[in-house]
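In: Below are the sequence and a predicted model for it; my questions follow.
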Amino acid sequence: MSEKKTDKGKAAKKLHGLQKRMTRMEENEGHALEKLGKRKGMLKKLKDKLMGTFKRKDYYSDDE
């Protein structure tokens, strides 16, 4: 069985829209604060879809 392919353009568009909503939420006090945790989780999922889950900051460390 093959893995499901993700449409990176669609994921990027959703990520951008979500980032705009997060910015709007930060600028306007009290604007949808109850959705903060849900949106942060969705941001992480979309970033993982776009960049992959293996690309971590500590992967390219200079410990060698």
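Out: Received the coordinates, thanks. Residues are numbered from 1 along each chain as shown.
In: list the contacts for the residue nearest in space to the middle of the chain?
Out: Taking Cα atoms, centre = their mean, the centroid of the chain lies closest to L43, which sits 2.6 Å from it. L43 makes contact with L15, L18, Q19, M22 under the criterion Cβ atoms under 8 Å, 6 or more residues apart in numbering. Where C-beta positions appear, they are placed from N, C-alpha and C, glycine not excepted.
In: got a markdown table for those residues, with neighbour count too?
Out: As requested, the contacts of L43 are exported to a markdown table (neighbours: other Cβ atoms under 10 Å):
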| residue | neighbour count |
| --- | --- |
| L15 | 18 |
| L18 | 16 |
| Q19 | 13 |
| M22 | 17 |
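In: Which element, helix or strand, includes the residue nearest to the centre of the chain?
Out: Secondary structure assignment for L43, by DSSP states H and E: helix 36-51.
In: and A11, what is it in contact with?
Out: A11 makes contact with L46, K49, L50 under the criterion Cβ under 8 Å, 6+ apart.
In: Can you flag the buried ones in those residues?
Out: L46, K49 (16 or more other Cβ atoms under 10 Å).
In: Please state the offset of stretch 24-44 from the chain centre?
Out: 13 Å (Cα atoms, centre = their mean, to the nearest Å).
In: tell me the mean pLDDT for that stretch?
Out: Stretch 24-44 comes out with an average pLDDT of 84.
In: All the helices of this protein, in order from the start?
Out: Assigned by DSSP state H, the helices in the chain fall at 8-27, 36-51.
In: can you tell me which of the contacts of L43 lies nearest to G30?
Out: G30 has its nearest neighbour among the contacts of L43 in M22, at 14.6 Å by Cβ to Cβ.
In: okay but the closest one is in contact with G41, surely?
Out: No. The pair M22 / G41 is not scored as a contact, 11.9 Å apart, by Cβ atoms under 8 Å.
In: that older thread, as a markdown table, the contacts of L43 with distance to A32 would be great.
Out: Shown next, in a markdown table, are these (distance: Cβ to Cβ, whole Å):
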| residue | distance to A32 |
| --- | --- |
| L15 | 18 |
| L18 | 12 |
| Q19 | 14 |
| M22 | 10 |
